[in-house]
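K.L.:
here is the input, now give the coordinates:
(2 chains)
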There are 2 protein chains.
Amino acid sequence: MMHPRYAVLELLFTGPVEPIPTDRVPLTVAFEHESGRTRLVPGFWDGGDRYLARFTPEHEGRWTWATISDVDELSGVAGIIDVGGPVMGEHGPVRVAGTFHFAHDDGTPFRPVGATVYNWLHQPHGRFVETVASLVDAGFNKLRFLVFPQAGGYVEHFPELLPFARGSDGRYDISRPVIEFFRRLDDAVVLLQSRGIQADVLIFNAYDNGRFGLEGLTEAEDAAYLRYLAARLSAFPNVWWSLCNEFDILDRPTERWDAAGELLAAIDPHQHLRSIHNWVRFYNHNQPWVTHASIQLGQATEDFGRASLFRDAYLKPIVFDEIKYEGDIPERWGRLTGQELVHQFWIATVSGCYASHGESFALGGGSLHIVEGGRLTGQSPARLGFLRGLLDNVNGVGLDPIDNWWDAGFVAGIPRGIYFQYLGRSAPETWTFRLPQDGMGIELRAGDRFQVDVIDTWNMTVETVETIFELTDVDKNEAFAAGTNPVMLPAGEALALRIRRVS
Amino acid sequence: MMHPRYAVLELLFTGPVEPIPTDRVPLTVAFEHESGRTRLVPGFWDGGDRYLARFTPEHEGRWTWATISDVDELSGVAGIIDVGGPVMGEHGPVRVAGTFHFAHDDGTPFRPVGATVYNWLHQPHGRFVETVASLVDAGFNKLRFLVFPQAGGYVEHFPELLPFARGSDGRYDISRPVIEFFRRLDDAVVLLQSRGIQADVLIFNAYDNGRFGLEGLTEAEDAAYLRYLAARLSAFPNVWWSLCNEFDILDRPTERWDAAGELLAAIDPHQHLRSIHNWVRFYNHNQPWVTHASIQLGQATEDFGRASLFRDAYLKPIVFDEIKYEGDIPERWGRLTGQELVHQFWIATVSGCYASHGESFALGGGSLHIVEGGRLTGQSPARLGFLRGLLDNVNGVGLDPIDNWWDAGFVAGIPRGIYFQYLGRSAPETWTFRLPQDGMGIELRAGDRFQVDVIDTWNMTVETVETIFELTDVDKNEAFAAGTNPVMLPAGEALALRIRRVS
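P.N.:
Numbering: from 1, shown residues only, chains lettered A, B, ... in the order given. Got it, this is the predicted structure:
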């Protein structure tokens, strides 16, 4: 029987019941593909005498495997797996593509339109499931959530299920993960995968506030947890790693985060995306372990010309994983209108970047959607789903700012292919056809013909302009279609233009 | 007799006339201060049998020194220097201070207001001297210029004096620097020092365009030149190193630039500031050898809220060493109005960054001031000198954006000390007193009292508002002075406000 490419293969072994010290991996499974490629997959304890190793093959054909372990019972087991084509719709883990963008392992582009529910894992089952259903309805394709539970402002529900057993001294015993906790985490990731949502896993937690004591683990304990988590979750294709949300809230030396990130890069056999997210002090995202910059800066997507600067600085994909939230609470980070939040997503888009959504309307119970989830009630999610649909229809890896040095028109696109120009929250009455030259090698030519769609970003309509625009005047920096009339626009609306080359 | 602190000490030795291979340093002088501090200073060949070592002591007291060399004649020479207080007005080399700013070695703040004359070194003497006089008149305190001569567009004057002798094969012989060339370079740096101008030395040249062949040196030859240049110039207190202007014009792997930067950091005994400047592809300024980011991005200083993002990304001083030029040539990088250029300097200032000026009016001879210098004729220099005067009067290391996460008021300053708010090129009729909270530890308090100056950035006036503004309403993010009238402004002018705490 063939195992599908990109499907999780789980191998079960029987081993010692007594804990294996946390500085030792219980077993490693060496996989070798018929091409000679090898992959070392760490196994992990799954309670009692159960040990698992999970592997997701990215290549079709025959794989042989054998275990390596200090423990006799777990050593020297071997087998063969024949891998065939993927299950329909499965494209494999998301990777960086085209420097600034993302694509699945099979090359299918992925454009994150993310959501945020920090304490999702720790909610009652009904709310947990309802959250996902609501995200799917809206069209979100990524979710940021915490492994460790949250405490502090707006947190009203606290879990009893915690990740580690406590020793006789009352401290967490990292060598004894609570299997029920981690199986719940497995299920959460699998549920998201089944609904087409990437799991952006927040590994460490800056919001413990002393309640659970999980921010008080030593660096060695953190490392042991990280090894366990990576061994357990790495095989799930939809995993993204985020070391921490607002890492700089915690009073830790930056070197500790660097070391954790480098460890993660070293031990993850499936090499998922890796990032870390800031509060007010930025992390050095130029470090090799960081695959993409996950940024918070309130103002960066409020106006044109800002967000793309981080592309220049980091030469990696930029994801604004917090751009303030749609809501009505007093705190200034939680009271965007739906219009403002949608505007920021469009700014991020024409800056060649990505963003995440969050909702912070005061709920009856005193909590917020970004904390506990449930059904989304804001006005932005439908508009973000609409935006995602437009992005999914782009033929190419992603939109890059065109002529960003000059900043002429806030246009992003694929040179000589497709362009998006966002006109802001209050469009003018007319728009005269003009395209900037990219200046990086692919030049517009006289005679190129374009069709223009007027996109109402709020009312979610797309209207194609009847005129075909043919380039007549093409210079080093810009191109025009002389003799065409200005496009009449519904002035004052939040509009974008999609400009497609048709011949 | 005492040698002044921060003054160049030059030691002369007699050695072999035949070239010493370029992979060997002819001699090193080991300096040891009475405190135990040591400094290894490379010597260099200065023609014939002359070998020099130059050292600028940063500490008062007794220094002993001794030479180390493979060459017998240059080995084992020793001496003593007693160093006293500096000559009046001499503050030592400029260093990074307060993460984002600069100060001389003695702690005196330095706020770069830079000028750019690429081919200055290679001009006839009259023009060479006139250029400096004009820069001094305008108030510039830094000059970017090339060591190697420039060719290409707008270059009308080509030097005969080149940096290296040619071997019998017609190739440059890097082991034989042309001493007359490098003495001219010494004199240029000293002239700038005597006029209070930092010498921002562009070490390699992306504008050779094949004319001189100096862009065709091998990596080993480049390294030999770099060692010679560093040995020769390092002792001059006013040196800044810039590896290249628009480095990415040259088709070289980034690793070659990384290696050159790391070499420079390793061999410069006086540890001057080090940077590299880009055209359209950014360098990774997070690397340790880079002391400050030297950036070109046309749009970054055109509007509020952009430039400061590079501070977040690099956590180093940001200098926009090209923001387009004041001029009237057809190319879009060379036709800013004076108003536009001054506006960009003010944007850089309230973004907590620095910028450089350049002038590109078409000159009679077909060249530009940014190429050959001469007398400045634009409208911006006087306004930049005015700005520099304001910056020089700030008591503190430099201006940092206040509450940059929120981007409320485009205010930079020193929390609870002094604030600058730039109102843009067309001020409103009134301004109501308001200050943002920094949120990083130093909080405004009710009862704090402020005086406000209205600065006309173009007409170069400063008018103090009579009212004393006393804070009444101070919340987490902002502070107000209830009961005070709005400040009446000359609407439409390019204004800034300086808000000083007086008690």
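K.L.:
what ranges do the strands span in the stretch 301-450 of chain A?
P.N.:
Along the stretch 301-450 of chain A, counting by DSSP state E, counting those that start in this stretch, strands occupy A:318-320, A:326-327, A:354-356, A:359-360, A:400-401, A:411-414, A:418-422, A:430-431, A:434-436, A:449-456.
K.L.:
now mean pLDDT too, for these, in a markdown table please.
P.N.:
As requested, the strands of the stretch 301-450 of chain A are arranged in a markdown table below (pLDDT from 0 to 100):
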| stretch | mean pLDDT |
| --- | --- |
| strand A:318-320 | 98 |
| strand A:326-327 | 98 |
| strand A:354-356 | 98 |
| strand A:359-360 | 98 |
| strand A:400-401 | 96 |
| strand A:411-414 | 96 |
| strand A:418-422 | 98 |
| strand A:430-431 | 97 |
| strand A:434-436 | 96 |
| strand A:449-456 | 98 |
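K.L.:
so which of the ones you listed comes closest to residue B:389?
P.N.:
Each of these was checked against residue B:389 via C-beta to C-beta, and the shortest separation belongs to strand A:400-401, namely 37.3 Å. No exception for glycine: its C-beta is placed from N, CA and C like everyone else's.
K.L.:
ok, the closest residue to chain B within the stretch 201-350 of chain A - contacts?
P.N.:
Proximity to chain B, evaluated over the stretch 201-350 of chain A using C-beta to the nearest C-beta, is greatest for residue A:299 at 3.1 Å. Applying C-beta atoms under 8 Å, 6 or more residues apart in numbering or on different chains, we find residue A:299 in contact with A:306, B:305, B:404, B:405, B:406, B:407.
K.L.:
did I read that right, residue A:496 in a helix?
P.N.:
No. Following the definition DSSP: H, G, I helix; E, B strand; the rest coil, residue A:496 is strand and is not counted among the residues of a helix.
K.L.:
that one touches residue A:419, doesn't it?
P.N.:
No. Using C-beta atoms under 8 Å, residue A:496 is not in contact with residue A:419, being 10.3 Å away.
K.L.:
the two - which one has more neighbours?
P.N.:
Each of residue A:496 and residue A:419 has its neighbours counted (other C-beta atoms under 10 Å in any protein chain shown); residue A:419 has more, 24 against 21.
K.L.:
how about that one, nearest residue that isn't a chain neighbour?
P.N.:
Distances taken as C-beta to C-beta, 6 or more residues apart in numbering or on different chains place residue A:413 nearest to residue A:419, at 3.4 Å, with adjacent residues excluded.
K.L.:
beta partners for that neighbour?
P.N.:
Beta-bridge partners recorded for residue A:413 (DSSP bridges): residue A:400, residue A:419.
K.L.:
burial measure for it, as a count.
P.N.:
Burial of residue A:413, expressed as a neighbour count using other C-beta under 10 Å, amounts to 26.
K.L.:
so what's the closest residue to chain B within the stretch 401-503 of chain A up against?
P.N.:
For the stretch 401-503 of chain A, the residue positioned closest to chain B under C-beta to the nearest C-beta is residue A:407, at a distance of 3.1 Å. If a contact means C-beta under 8 Å, 6+ apart, then residue A:407 has A:304, A:305, B:298, B:299, B:302 as its contacts.
K.L.:
residue A:279 touches residue A:207, doesn't it?
P.N.:
No. Because the distance of 10.9 Å does not satisfy C-beta under 8 Å, residue A:279 is recorded as not touching residue A:207.
K.L.:
settle it for me: which of these two has more neighbours?
P.N.:
More crowded of residue A:279 and residue A:207, by other C-beta under 10 Å: residue A:207, with 24 against 16.
K.L.:
where does the stretch 351-500 of chain A have low pLDDT?
P.N.:
A:408-409 (pLDDT under 70).
K.L.:
rerun that using 80 as the cut-off
P.N.:
Applying pLDDT under 80 to the stretch 351-500 of chain A flags residues A:407-409.
K.L.:
got the residues of it near chain B?
P.N.:
Taking C-beta under 8 Å from any C-beta of the partner chain as the test, the list of the stretch 351-500 of chain A residues beside chain B reads A:404, A:405, A:406, A:407, A:439, A:440, A:477.
K.L.:
contacting residues around the residue lying closest to the fifth one once chain neighbours are set aside?
P.N.:
In space, residue A:439 comes closest to residue A:403 once its chain neighbours are excluded; the distance is 5.9 Å by C-beta to C-beta, 6+ apart. For residue A:403, the contacting residues are A:409, A:411, A:436, A:437, A:438, A:439, A:477, taking C-beta under 8 Å, 6+ apart as the criterion.
K.L.:
and for residue A:35?
P.N.:
Applying C-beta under 8 Å, 6+ apart, one finds that residue A:35 lies in contact with A:59, A:61.
K.L.:
what's the local residue count around residue A:7?
P.N.:
Number of residues near residue A:7 (other C-beta under 10 Å) recorded here: 16.
K.L.:
ditto for residue A:368
P.N.:
Using other C-beta under 10 Å as the criterion, the residues surrounding residue A:368 number 26.
K.L.:
much appreciated, bye for now.
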